[in-house]
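> Okay, sequence plus prediction incoming.
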Amino acid sequence: MIGYAMVGTNDLEKAKTLFDAVLGELGGQRTMSGDRMQGYGGGGSPVMFAVCKPFDEKPANVGNGVMIALLAPSREAVDKTHAKALACGGKDEGAPGLRGDTFYGAYFRDLDGNKFCAFNMG
């Protein structure tokens, strides 16, 4: 089971703006925070997502093949999440749409190049 997922950033304040908007569309809100990180949670779940400045103080970079999937309550929420990500400076990696019979997803990269998928099943 996932306890939390974390991605690095080179500009924490800009990352907070993007994730406040994107995760807000999915019911997420700020939880744990510090001078090097911001955590998000929601829905009474103990699972958390966090964005942080790397502990080793080296530049944050993207792991090839790494992606975090964000569960959305509806296809409309997938659409809105993707649009918010792009409006906040994220890059499109795949427009909202069906992939297979029941998987509806949209892909984007955050300001540091980390890949995300907002999705709904059913």
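Good, I have the coordinates.

> Now name the helix or strand holding Ala60.
Here Ala60, judged by DSSP states H and E, is contained in no helix and no strand.

> The closest residue in space to it that isn't next to it in sequence: how many residues sit nearby?
Sequence neighbours aside, Gly8 is the residue nearest to Ala60 in space, at 3.0 Å (criterion: Cβ to Cβ, 6 or more residues apart in numbering). Glycine gets a C-beta too; all of them are placed from N, C-alpha and C. By other Cβ atoms under 10 Å, 23 other residues sit near Gly8.

> quick one: contacts for Gly8?
Going by Cβ atoms under 8 Å, 6 or more residues apart in numbering, Gly8 touches 51-54, 60-61, 112, 114.

> Of those, which count as buried by neighbour count?
Neighbour counting by 16 or more other Cβ atoms under 10 Å classes 51-53, 60, 112, 114 among the contacts of Gly8 as buried.

> nearest residue to Pro96 other than its sequence neighbours?
That would be Ala106: by Cβ to Cβ, 6+ apart, it lies 3.8 Å from Pro96.

> all helices for the chain, in order.
Per DSSP state H, the chain carries helices over the ranges 12-24, 75-87.

> can you list contacts of the first one?
Applying Cβ under 8 Å, 6+ apart, the external contacts of helix 12-24 come out as 9, 28-30, 36-38, 40, 42, 49, 51-53, 70, 81, 84-85, 87-90, 110-112, 116, 118.
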